[in-house]
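# could you look at this predicted model? Sequence included:
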Amino acid sequence: MEIPLLSDIVIILGLAVVVILLFQRFKLPTILGFLATGVIAGPHGLSLIHATHDIEILAEIGVILLLFIIGMEFSLKQLAMIKRTVLLGGTTQVLATIGLVALVMQLLNFTWSESVFMGFLIALSSTAIVLKLLQDRGEINSPQGRVVLGVLIFQDIIVVPMMLLTPLMAGGTEDIGTALLLMGLKGAFVIVFVLISARYLVPRLLYLVAKTKSKELFILSVVVICFAVAWLTSSLGLSLALGAFMAGLIISESEYSHQATSNILPFREIFTSFFFVSIGMLLNFGFLLQNLPLILFFTALTFLLKGVVATVAARMLQYPLRISLLVGLSLFQVGEFAFILSKTGISSGLLSEETYQYFLSVSLLTMAVTPFVIGSYRKLADYIATPFSSLQEPMPFNHQSDDAHSPLPELDDHIVIIGFGINGRNVAKAARHAKIPYVIVELNAVTVKHERKLGEPIVYGDAVHPMILSHINMYKARVVVVAISDPEATKRIIATVREISDKVHIIVRTRFLQEMEENYRLGADEVIPEEFETSIEIFTRVLNKYLMPRDSIEAFTQMIRSDNYEMLRSITTNRNSDTSKLALDLPDIEVASLRVFTSDPEVVNRPLLDADIRSRFQITVVAIKRAEQTLLNINAQTQIQQGDLLYVVGKPGDVVRFNNFLKGPL
């Protein structure tokens, strides 16, 4: 029996493997590989695919699963932590982009509805590509990374009401008021349904399913919830994508969301690949070549318009110009959700075939250049920001006054703390306790305002600029602690500090060991990598459990640090080092706490001298906890009672044997 769709699936996935391998060689995102696969295999390419309608159905499933996963990963608690960035930054970016694009489209003689809808499309950026690139660079937790994440979250949310508004903008009904009222009622019903399901129905259902310990039943239940809610919203005249998002939101509020996400993720990856391939299949490559100058013009215009708007949005969040430019250079492209929304526009008559081809061409080109732009966006930001260096002026602070422009107190022999995260806060707390003067430099304006009210000597500014460091008397400081999450900014700060002062002692916190060498070369005096400090702490506790002497543990950790952590990286290569003898010093004894369950009269309610535990079990009882009392003065006449907790010392095998005895007969 021949299945026509099967040959098309084999062609798509096989070609995708080859194309993505080639793209990975040049470190290009996987999504671009899927888009290129669609261009090659589609009707405007080599016409390798015949069942295009069936492929579109698979793509629809991919969209449903994509929004389902977005919904499951959407946490109201996490959103609350960055709500200002999401609401202010996201709203500014989306509304300003829609307005400017609509204005441009009006000048090109498009209707009001078509102009605003094109604004909807252009306003959305690529969550998948941008977050993947920032993640690979280790910059998700950097200032620009946090702003980009907040804006992208807002875009992912706002695409849902955009889908709802699109049919109304197309004029599908004469009575707009009634249509809006009906849409509002449907939306209210969906929201109530989501709240009731998330609160009562789904957690109980998933609990019953999880109790069976059947992985197959759990996956089946999650998939049924996804498609059932999508079908419900579709039957109400709303979109399948909206239903999938709502289904994910329902599950996200349960304790089973992480397991559900991990189970659905492989399916999503397969089906979303068909979605991006189907988008590539729609691109008319001949049209792109014929209209290349105009398409390149619109691509450059999109780059400029979206980049400027995102930069302004970051500036409104009170970030310095350099950081704001990094945000703008990250969010200039058109994203994958715009493709989903464009299908709604086509079905509603808001996009003609020619306009759609222009949109596809511009979108794919902006996505294609994104990896190259982000790869060099620091140099670009520095180049653009240099003529506007006056915009980098610091906001000084006097902890005796709330006036943002009061002069700083005279600082001398002080600590400069750059970054006020967990590490920076702990350094400040220790300095305050030791009565050592200090000043903090922080990029988050909200944090600065809050801490300023609490009396912290904190300055708003970007420490990569010499003007900021000069303002806080860097040349008089004794120690600088760089405790930020941006590795590239850390290097620039070290170099800037060294330009101002050779005598100041620079201590740098990094995430990874490979960052140490470059930081030392730039002038850092001490570099503390978090990943190896965590390893040392874990291994120290392991050695404590094996009762290794404390002086030996301290000598061991000191040896690792003095060798710049090289020992942990090549612990097996140096056979003659003291580390290779570490195992020889570990004692073959164990300290354990054992509960007395047995009522055996040979041990229970009998003096230790008569019970003869030491001879019979080779175990020494060193303490007994009875109810709320701990007995430390153990002697020959001490008696063990049922229910006691015994603290014993012995060889591991003897401890196990004695524990089995205390459990009593099974």
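Received the coordinates, thanks.
# helices along the stretch 451-600 of the chain, start to end?
466-471, 487-500, 516-522, 530-545, 550-562, 566-569 (DSSP state H, counting those that start in this stretch).
# comparing those helices, which yields the minimum mean pLDDT?
The stretch with the lowest average pLDDT out of the helices of the stretch 451-600 of the chain is helix 566-569, scoring a mean of 52.
# which non-adjacent residue is nearest Pro29?
Ile129 (5.1 Å; C-beta to C-beta, 6 or more residues apart in numbering). The way it works is simple: take the backbone N, C-alpha and C, and place the C-beta from them, glycine included.
# distance-wise, check the one you found relative to Val151.
14 Å (C-beta to C-beta, to the nearest Å).
# between these two, point out the one with more neighbours.
Val151 (29 against 24; other C-beta atoms under 10 Å).
# helices or strands up against the host helix or strand of that one?
According to DSSP states H and E, Val151 maps onto helix 143-169. Contacts defined by 3 or more C-beta pairs under 8 Å, 6 or more residues apart in numbering; DSSP states H and E place helix 143-169 against helix 90-107, helix 112-123, helix 127-136, helix 176-196, helix 240-252, helix 292-316, helix 321-328, helix 336-348.
# domain ranges for this protein?
4-170+191-385, 393-524, 532-585, 590-663 (automatic domain parsing).
# who touches the spatially most central residue of the chain in this structure?
In the chain, the residue lying closest to the centroid (C-alpha atoms, centre = their mean) is Ile140, at 6.1 Å. Contacts for Ile140 (C-beta atoms under 8 Å, 6 or more residues apart in numbering) come out as Leu131, Leu134, Arg146, Leu149.
# that one looks like it's in a strand, true?
No - using DSSP: H, G, I helix; E, B strand; the rest coil, the assignment for Ile140 is coil, not a strand.
# how much space separates Phe337 from Leu220?
28 Å.
# looking at those two, which is more packed in?
Phe337 (28 against 13).
# please report how far that one lies from Ser552.
For Phe337, the distance to Ser552 - C-beta to C-beta - is 58 Å.
# Lys211 too?
49 Å.
# the two: which is more packed in?
Ser552 (14 against 8).
# which residues touch Ala592?
Tyr647, Val648, Gly650, Val655, Asn659.
# let's have the residues you listed in a markdown table, adding secondary structure, distance to Ser615 and pLDDT.
Formatted as a markdown table, the contacts of Ala592 follow (DSSP: H, G, I helix; E, B strand; the rest coil; distance: C-beta to C-beta, whole Å; pLDDT from 0 to 100):
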| residue | secondary structure | distance to Ser615 | pLDDT |
| --- | --- | --- | --- |
| Tyr647 | strand | 19 | 89 |
| Val648 | strand | 14 | 89 |
| Gly650 | strand | 12 | 88 |
| Val655 | helix | 16 | 89 |
| Asn659 | helix | 18 | 89 |
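# buried residues in stretch 218-228?
For stretch 218-228, a neighbour-count test (16 or more other C-beta atoms under 10 Å) marks Phe218, Ile219, Ser221, Val222, Val223, Ile225, Cys226, Phe227 as buried.
# show me which pair in those is furthest apart.
Phe218 and Phe227 (15.5 Å; C-beta to C-beta).
# burial check on Leu66, number of neighbours?
Leu66 has 24 nearby residues by other C-beta under 10 Å.
# repeat for Pro293
Pro293, neighbours per other C-beta under 10 Å, totals 8.
# same thing with Asp612?
Counted with other C-beta under 10 Å, residues neighbouring Asp612 total 13.
# check the one 5 residues further on too.
Applying other C-beta under 10 Å, we find 20 other residues in the vicinity of Phe617.
# state the distance from it to Gly248.
To Gly248, Phe617 is 57 Å away according to C-beta to C-beta.
# ditto for Ile57
For Ile57, the distance to Gly248 (C-beta to C-beta) stands at 21 Å.
# got it, and Val18?
Taken as C-beta to C-beta, the span from Val18 to Gly248 is 33 Å.
# comparing the two, which residue is more hemmed in?
Gly248 (28 against 12).
# isn't the more buried one right next to Ile69, touching?
Yes - judged on C-beta atoms under 8 Å, Gly248 makes contact with Ile69 at a distance of 6.4 Å.
# nearest to Val192 among the buried residues of stretch 218-228?
Checking the buried residues of stretch 218-228 one by one against Val192 (C-beta to C-beta), the nearest turns out to be Ile225, at 17.0 Å.
# mind listing what that closest one touches?
Contacts of Ile225 by C-beta under 8 Å, 6+ apart are Val202, Ala247, Ile250, Ile251.
# cool, His414 as well?
Counting by C-beta under 8 Å, 6+ apart, the residues that His414 touches are Ile436, Pro437, Tyr438, Val439, Asn473, Lys476, Ala477, Arg478.
# any idea how far the residue nearest to it when sequence neighbours are not counted is from Tyr475?
The spatially closest residue to His414, leaving aside those adjacent along the chain, is Pro437, at 4.0 Å (C-beta to C-beta, 6+ apart). Taking C-beta to C-beta as the criterion, Pro437 is separated from Tyr475 by 15 Å.
# quick one: which of those two has more around it?
Pro437 (16 against 13).
# tell me which element the closest residue to Leu631 other than its chain neighbours is part of?
Among residues not flanking Leu631 along the chain, Ile624 sits closest, at 4.4 Å (C-beta to C-beta, 6+ apart). According to DSSP H and E, Ile624 maps onto strand 620-626.
# which parts of stretch 423-436 are buried?
Neighbour counts over stretch 423-436 (16+ other C-beta under 10 Å) mark Asn423, Gly424, Arg425, Val427, Ala428, Ala431 as buried.
# tell me the contacts of Val655?
By C-beta under 8 Å, 6+ apart, the contact set of Val655 is Glu590, Ala592, Leu594, Ile619, Val648.
# same check, this time on Val416
Tyr438, Val439, Val441, Leu469, Ile472, Met474, Ala477, Val479, Val480, Val481, Val504.
# low pLDDT regions in the stretch 201-350 of the chain?
237-239 (pLDDT under 70).
# buried sites along stretch 190-199?
Quick answer for stretch 190-199 (16+ other C-beta under 10 Å): Val190, Phe193, Val194, Ser197, Ala198.
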